[in-house]
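Student: coordinates for the following, if possible.
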Amino acid sequence: MKARAYQRSLALAEAGSDHERAAAACQGLGNVVLAQAEWRGAEAWFERGLQYAGNHPELAAGLWLGLGETALRSGQAGIAEQHLARALDCSEAASDDAGIIRTLLARGRMQAKQTRFTEALSSYRTALNRLPSTHADPLLELSIHLRLAELYLDLGRTLDAEDEARCAEDIATAHHLPATLARVYMIMGKLRGKQRDENGFVFFEQAIELCRTGDPARRLEADVYAEYAHFRMTMGDRTEAQAYLERARELLEPFGDEVARARIDDELRELVAAGAAGVGEG
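Tutor: Prediction:
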């Protein structure tokens, strides 16, 4: 439905030579395709939008950010860094705090993937400082707290991670955001796994239930099952871990996210091999 609306908007904008609306429609189409993990399609829409953005830095910023996100998710970190730098320059030129925050979050995620943790922490804290003191966008605020929680987990700072996750939980609950709350509980489950607390399964079950509330969040549910599998591996339950990885793989089928599917396939092979070795030793 969204894609059809954006396509109609783009056709009308092009017919009327309305370049601003055409750029915005291309960005919307790019975001829809990006959510479906169709990297080449998303890249094509964002690049097309840039042809219309002209001298509008705020429009250009969103399109460069889309290109950066696409490159990052498809494993092209170097290209992502270049695109995100352009996005940040455009957002700053437009004095667009929300655009700056979104770009800083993407840059921090890229830095975290490259284990540049100190830089990632700086990016996230700068984003947090950019939030207005009142009437902050709850989704932006949540995104920052979730990224900080994930980073603190990677750094082994479990108390800080729990503080950030609890803060995100309060915001998501107050604003009735079930999909974001599911992300919070996935992080809480991961945290309990690091603490080797068997009761962490409760958070994963809550996250799965939230993914099925309202509009199905199948892509997010796949991520939850993948993390649930890691939790079960930590608890020493290879059978359930394998079942959850297979469920994650199944949920990913409608999407074109080859990177995520390949990662799960690798984990399944390692798990099956470990199980076979264990049987052989027995």
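Student: so what touches the helix or strand harbouring Phe46?
Tutor: Assigned by DSSP states H and E, Phe46 belongs to helix 39-53. For helix 39-53, contacts defined as Cβ atoms under 8 Å, 6 or more residues apart in numbering pick out 19-20, 22-27, 29-31, 33-34, 59-60, 63-64, 66-67, 70-71, 73-74, 256. The C-beta positions use only the backbone N, C-alpha and C, and glycine is treated the same way.
Student: so what does the following helix or strand past that helix touch, helix or strand wise?
Tutor: Where DSSP H and E defines the elements, the next helix or strand beyond helix 39-53 is helix 57-73. Here helix 57-73 touches helix 19-35, helix 39-53, helix 77-93, helix 97-113, going by 3 or more Cβ pairs under 8 Å, 6 or more residues apart in numbering; DSSP states H and E.
Student: now the angle between helix 19-35 and helix 57-73, please.
Tutor: Going by axes from the mean of the first three to the mean of the last three Cα atoms, to 10 degrees, helix 57-73 is angled at 20 degrees with respect to helix 19-35.
Student: and the angle for helix 57-73 with helix 39-53?
Tutor: 160 degrees.
Student: next, the angle helix 77-93 makes with helix 57-73.
Tutor: 160 degrees.
Student: could you export the helices and strands packed on helix 57-73 as JSON lines, including mean neighbour count and distance to Ile144?
Tutor: Listed next are the helices and strands packed on helix 57-73 as JSON lines, based on neighbours: other Cβ atoms under 10 Å; distance: least, Cβ to Cβ, whole Å:
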{"stretch": "helix 19-35", "mean neighbour count": "21", "distance to Ile144": "20"}
{"stretch": "helix 39-53", "mean neighbour count": "20", "distance to Ile144": "24"}
{"stretch": "helix 77-93", "mean neighbour count": "18", "distance to Ile144": "16"}
{"stretch": "helix 97-113", "mean neighbour count": "22", "distance to Ile144": "7"}
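Student: would a markdown table of the ones you listed with distance to Leu10 be doable?
Tutor: A markdown table is the format used below for the helices and strands packed on helix 57-73 (distance: least, Cβ to Cβ, whole Å):
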| stretch | distance to Leu10 |
| --- | --- |
| helix 19-35 | 4 |
| helix 39-53 | 9 |
| helix 77-93 | 21 |
| helix 97-113 | 21 |
